[in-house]
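1. after the sequence you'll find the predicted model.
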Number of protein chains: 2
Amino acid sequence: MNIRSIHTVTHEQYRHAWDNSIPPVLTVNENEVVTFQTRDSGNDQIQPGDDVEAVRNLDFSRINPISGPIAIAGARPGDVLQVDILGIETRDWGWTAIIPGFGLLADEYPDPFVHVWAFDRERNRAEFRPGISVPLDPFIGVIGVAPAGPGEHPTLPPRNVGGNMDIRFMREGTSLYLPVAVENAMFSLGDAHAAQGDGEVCGVAIETAATVTVRFSLHRSISLKTPEFDVSGALVRTSAEHGYHATTGIGPDLMEASKDSVRAMIAHLERKRGLAPDEAYALCSVAGDLKISEVVDAPNWVVSFFLPNNLFQA
Amino acid sequence: MNIRSIHTVTHEQYRHAWDNSIPPVLTVNENEVVTFQTRDSGNDQIQPGDDVEAVRNLDFSRINPISGPIAIAGARPGDVLQVDILGIETRDWGWTAIIPGFGLLADEYPDPFVHVWAFDRERNRAEFRPGISVPLDPFIGVIGVAPAGPGEHPTLPPRNVGGNMDIRFMREGTSLYLPVAVENAMFSLGDAHAAQGDGEVCGVAIETAATVTVRFSLHRSISLKTPEFDVSGALVRTSAEHGYHATTGIGPDLMEASKDSVRAMIAHLERKRGLAPDEAYALCSVAGDLKISEVVDAPNWVVSFFLPNNLFQA
């Protein structure tokens, strides 16, 4: 990267809650560049070589750390904070788990699962099983500003001021627009993912630590209720020449239709690729995309779940 | 196309309901190729030169015709019917409307709107307003087999046997897998769209008539609860070099989050592109995509709505 960062938020400067009364770790001006060192969402509780015992023993009071907050001088409630994501560099490994009680199909997957991924920099992929690998496309899961309400707000749910949105397009080259709710915005980010599908269906992506560089600017001529963003270039960065397999869920509730489409893809992966159900569920989370195909043909909506065939061209 | 079709379902062989007691218009064997002439979803009630009066005067008893049914000899309940979509050729114009009472934001758009599109074959686009055009990517909105239940089933809602799924990947090159519910499957299709975004948010795409060629085969070694499909090649067929603008809806209900994301995009199009709200809503329906970004960070889910910037590079 050629853009000089003059500020750094270190991996020791993290919090476990959004709280607009937390003093900023630094204050920056518009157009200044800031580098954040982020911790993984498990806060180092899962390490290479670990097995499911590490998932069983997770201390939930330590998960979902966010780096910051930083103050953007002059930002006022009602402004829009533009965050240009200039760079994301992850460490060279990550982990994916099924955490009991968490994820779209939590009731059906009560047992823990874990996979630790080594990143192949040359191929820009990570191996899941022999013959199955996932293209790396790193992004930031948590990015946002402090809510207006007083006190502590947990970092797990996203809100209209951003946070744990887990939008996989929060990657290098994207510009995010956030509604500012408090003086000086009080911005934080964290929870880098090396890859994830739309939906993050098992609740976990390829969790990793990263160095993230951003630049801020403010807009007062527009007003937003929820975050918006500009994605540069193509949405799909990896080769799609091998096509996709897709499953569907059809019915009057988008959540149930989403679940049905994922269940069908897990069944497909068991049948066609010989994966165990928990393996299939985890692979869906890091590489499969939930789309709303139609939401108007009452009373039944269609949710489709897409998995790229290039996962199996390793 | 080099594949010879030996069977044709004409545009006069259509129905307004799914009903497994309707006699087939023809019976085909596995691996035979069939060409369907489809009527548009309005059944010719909207024509070039028409204004919103044509929408106001729509006779709803005549809409959503489907061509067929045809019997696939030997298909039995529990089988999977594979439908290879070999070709879709549309006529050279289409229409998009806001129909009062219909669509994701029906309560907010009580007045009719209509746009008739002329298809530019050379550029493979259709103009919406000067400087705004939509890439053509034709597909079949309705494709399915007869439900097991007796009597008439309306053609508007999709079901687990397919039907009006409005999945925009039901295009040339796709193979669809449908669970067969009755003897001989009793297959129909219709409702060609020249373009549509994921969601079809105003309830209407670029509606057109088409000639659709398909080939059938049967599978007995697998069993499906809902339709699945294989998409060949890339999901995005048009240039993405200009990137995307995206809006979000964040909250505990996927339907409300979907609505919020579309409302935000309409506001963006008013502000940035000078469109009227109804124009923006209709453009969202034919060219914008609803994605479920995360559905696991309880209690709030994120739906994102993407609009390609290439619409404005006409």
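-> Great, that's in hand.

2. measure residue A:171 to chain B for me?
-> With the distance defined as C-beta to the nearest C-beta, to the nearest Å, residue A:171 ends up 12 Å from chain B. (Each C-beta comes from the backbone N, C-alpha and C, glycine too.)

3. got it, and residue A:230?
-> 5 Å.

4. relative to residue A:301, how far out is the closest residue to that residue other than its chain neighbours?
-> Closest residue in space to residue A:230, ignoring its immediate chain neighbours: residue A:175 at 4.7 Å, by C-beta to C-beta, 6 or more residues apart in numbering or on different chains. Distance of residue A:175 to residue A:301, given as C-beta to C-beta, to the nearest Å: 31 Å.

5. any weak-confidence spans in chain A?
-> Along chain A, segments meeting pLDDT under 70 span A:1-4, A:237-241, A:314.

6. you'd agree residue A:279 is in a helix?
-> Yes. Applying DSSP: H, G, I helix; E, B strand; the rest coil, one finds residue A:279 inside a helix.

7. ok, it - contacts?
-> Contacts here follow C-beta atoms under 8 Å, 6 or more residues apart in numbering or on different chains; on that basis residue A:279 touches A:113, A:115, A:128-129, A:269.

8. could you pull out the helices for chain A?
-> Here chain A has its helices, by DSSP state H, at A:52-56, A:254-273, A:277-287.

9. chain center to the first one: distance?
-> Between the mean C-alpha point of helix A:52-56 and the mean C-alpha point of its chain there is a distance of 22 Å (C-alpha atoms, centre = their mean, to the nearest Å).

10. so what's residue A:92 closest to, chain neighbours aside?
-> residue A:119 is the one closest to residue A:92 (C-beta to C-beta, 6+ apart), at 5.0 Å.

11. please say which of residue A:175 and residue A:301 ends up with more neighbours.
-> Set residue A:175 next to residue A:301 and count neighbours by other C-beta atoms under 10 Å in any protein chain shown: residue A:301 wins out with 28 against 18.

12. could you chop chain A up by domain?
-> A:7-229, A:242-311 (automatic domain parsing).

13. any idea which of those domains is most buried?
-> Per-stretch averages of neighbours, counted by mean count of other C-beta atoms under 10 Å in any protein chain shown, single out domain A:242-311 among the domains of chain A, with a mean of 23.

14. quick one: contacts for residue A:222?
-> Residue A:222 neighbours (C-beta under 8 Å, 6+ apart): A:80, A:177, B:271.

15. same deal with residue A:59?
-> residue A:45.

16. that one and residue A:14, how far apart?
-> 15 Å.

17. ok, residue A:187 next?
-> The value you get for residue A:187 to residue A:14, if C-beta to C-beta is used, is 13 Å.

18. which residues are common contacts for the two?
-> Here residue A:187 and residue A:14 share the contacting residues residue A:68, scored by C-beta under 8 Å, 6+ apart.

19. which residue ranges form the strands in the stretch 51-200 of chain A?
-> Per DSSP state E, counting those that start in this stretch, the stretch 51-200 of chain A carries strands over the ranges A:66-72, A:80-90, A:93-98, A:113-120, A:125-129, A:132-135, A:139-145, A:153-154, A:162-164, A:175-179, A:187-193.
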